[in-house]
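Student: model the following, please.
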Amino acid sequence: MPAVVEQMMFVGATPWHGLGNKVDADIGVEDAIVSAGLDWEVGLKDLQTVDGVPVSHRATYRKSDGSILGVVGPRYTPLQNKDAFDWFQPFLDAGECGIHTAGSLHSGQKVWVLAQLNRDNSEIVRGDEVCKFILLSNSHDGTTAIRVGYTPIRVVCVNTLAMAHNNTNSKLIRIRHTRSSKNNLEQVRDIMDNINVQFEATAEQFRFLASKNFKQADINRYVKVMLGIEGTVDADIKTRTRNIMDEILALVEGPKQSATNVRGTWWAAYNGYNEYLNYNKGRTEDNRLDSLWFGQNGNDNIKALEKAMEFANAV
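Tutor: Numbering: from 1, shown residues only. Prediction:
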């Protein structure tokens with residue numbers, strides 16, 4: 001089976017998924033594009049039926065090698081990789097952030113740029129901090145809109161965390177692929193004005209989780225909820241599901257949750273399940289990366305935070 005990650009670059013320590021080519025810090029946009037293997041453009045091709053009748057949909061393709069990326073609607077306008085990187089240029093020039101990782105998935109169908117903000121980390125409890133990132137992701141196959149969103153990453157275990165999605169301002173910004181999408185991206189720069197406020201809103205939820213201890217019965221129920229087996233008695237849980245449940249419970253009590261002010265709290269509970277999503281669930285590292293940023297693991301990450309907050313609020 002071909003790798004999900006086609007090519008990528010990263011700055012600093014090897015990312016949690018262990019993928020990519022290391023580059024120097026303070027890399028510029030042009031060098032980052034080349035290092036990430038994204039120095040190619042997307043074109044559009046008209047389509048027709050086997051009988052030669054034109055259809056309204058078109059195919060997207062890589063101009064560098066002619067490979068087809070997807071089939072899109074008549075109003076679809078590609079956002080070129082260079083334009084996606086250029087969105088960060090004003091912030092790079094101002095010293096607000098630095099490009100951290102970038103690359104493509106599924107032979108170029110999906111691309112992303114992750115930039116780390118040059119702002120102080122958010123401390124959840126003593127010795128447990130969260131770094132601040134912005135993720136810009138885009139699909140060239142028409143399956144997802146252009147998205148710009150905040151991404152907290154826990155330093156102690158390099159887990160990608162969920163934002164507090166009950167705050168509507170913190171949700172990923174989705175921009176449709178139209179001729180105005182490039183202009184829309186320029187307007188999205190306004191998010192930088194309140195970015196620390198948004199991150200701190202999420203950090204406050206994390207701190208709340210760290211202030212609430214769980215009971216064993218509740219953590220068992222939490223994991224069952226996340227696995228979709230709430231209400232199932234232990235004797236009726238299938239062996240494979242039981243093994244996954246035990247694996248998650250072990251992570252909740254594991255070494256990455258061993259700090260005195262973390263162990264036994266709902267912050268440990270959420271991070272235990274989050275660690276499962278980041279490192280365990282999925283066949284390979286690149287499959288986990290794809291799912292966490294673009295698929296089901298990302299949805300589960302959000303749900304895990306929301307459910308942890310529900311349980312903690314009931315304490």
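Student: element containing residue 7?
Tutor: Taking DSSP states H and E as the criterion, residue 7 maps to strand 5-11.
Student: ranges for the strands of the chain?
Tutor: Per DSSP state E, the chain carries strands over the ranges 5-11, 21-23, 42-48, 54-62, 68-72, 97-105, 110-117, 122-125, 128-139, 146-154, 159-160, 173-175.
Student: residue 222: which of those strands is closest?
Tutor: Evaluated over the strands of the chain, closeness to residue 222 peaks at strand 159-160, with 17.1 Å, by C-beta to C-beta. In short, each C-beta sits where N, CA and C put it, glycine included.
Student: any low-confidence regions in the stretch 151-300 of the chain?
Tutor: 156-159, 161-194, 282-286, 289, 291-293, 295 (pLDDT under 70).
Student: swap the cut-off to 80 and go again
Tutor: 155-197, 279-298 (pLDDT under 80).
Student: can you tell me how far the spatially most distant residue from the centre of the chain is from residue 73?
Tutor: Distance to the chain centre peaks in the chain at residue 51, reaching 42.7 Å (criterion: C-alpha atoms, centre = their mean). Look at residue 51 and residue 73: by C-beta to C-beta, to the nearest Å, they are 22 Å apart.
Student: hang on, the earlier thing: which pLDDT value belongs to the residue farthest from the centre of the chain?
Tutor: Note on residue 51: pLDDT of 93.
Student: same question for residue 35.
Tutor: 93.
Student: could you do residue 4 as well?
Tutor: Reported pLDDT for residue 4: 71.
Student: tell me the spacing between it and residue 58.
Tutor: 25 Å.
Student: the two: which has the busier surroundings?
Tutor: residue 4 (22 against 18; other C-beta atoms under 10 Å).
Student: quick check: that one touching residue 107?
Tutor: No - using C-beta atoms under 8 Å, residue 4 makes no contact with residue 107, being 9.5 Å away.
Student: residue 81: how many residues sit nearby?
Tutor: Counted with other C-beta under 10 Å, the neighbours of residue 81 add up to 23.
Student: what does residue 155 give?
Tutor: 14.
Student: and if you look at residue 87?
Tutor: With other C-beta under 10 Å as criterion, residue 87 counts 21.
Student: I figured it hits residue 136, correct?
Tutor: Yes - Residue 87 lies in contact with residue 136 (C-beta under 8 Å); the separation is 6.2 Å.
Student: so what sits against both of the two?
Tutor: residue 148 (C-beta atoms under 8 Å, 6 or more residues apart in numbering).
Student: gap between residue 56 and residue 50?
Tutor: 16 Å.
Student: try residue 117
Tutor: Applying C-beta to C-beta, the value for residue 117 to residue 50 is 51 Å.
Student: now do residue 10
Tutor: Taking C-beta to C-beta, one finds residue 10 at 45 Å from residue 50.
Student: and for residue 306?
Tutor: 48 Å.
Student: the more surrounded of those two?
Tutor: residue 306 (15 against 5).
Student: sorry, back to before: I'd like the strands of the chain as CSV, with distance to residue 81 appended.
Tutor: Formatted as CSV, the strands of the chain follow (distance: least, C-beta to C-beta, whole Å):
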stretch, distance to residue 81
strand 5-11, 12
strand 21-23, 16
strand 42-48, 8
strand 54-62, 10
strand 68-72, 12
strand 97-105, 8
strand 110-117, 6
strand 122-125, 31
strand 128-139, 8
strand 146-154, 12
strand 159-160, 22
strand 173-175, 16
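Student: residue 206 is nearest to which of the ones you listed?
Tutor: Taking the strands of the chain one by one with C-beta to C-beta, strand 122-125 is closest: 4.6 Å.
Student: who touches that closest one?
Tutor: So strand 122-125 is in contact with 129-130, 132, 152, 199-200, 202-203, 206-207, 210, 259, 261-262, 267, going by C-beta under 8 Å, 6+ apart.
Student: buried subset of these?
Tutor: Among these, those buried by neighbour count (16 or more other C-beta atoms under 10 Å) are 129-130, 132, 152, 199, 202-203, 206-207, 210, 259, 262, 267.
Student: format those residues as JSON lines; extra columns: distance to residue 242.
Tutor: Below are those laid out as JSON lines (distance: C-beta to C-beta, whole Å):
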{"residue": "129", "distance to residue 242": "35"}
{"residue": "130", "distance to residue 242": "32"}
{"residue": "132", "distance to residue 242": "38"}
{"residue": "152", "distance to residue 242": "31"}
{"residue": "199", "distance to residue 242": "37"}
{"residue": "202", "distance to residue 242": "33"}
{"residue": "203", "distance to residue 242": "35"}
{"residue": "206", "distance to residue 242": "29"}
{"residue": "207", "distance to residue 242": "33"}
{"residue": "210", "distance to residue 242": "29"}
{"residue": "259", "distance to residue 242": "28"}
{"residue": "262", "distance to residue 242": "26"}
{"residue": "267", "distance to residue 242": "25"}
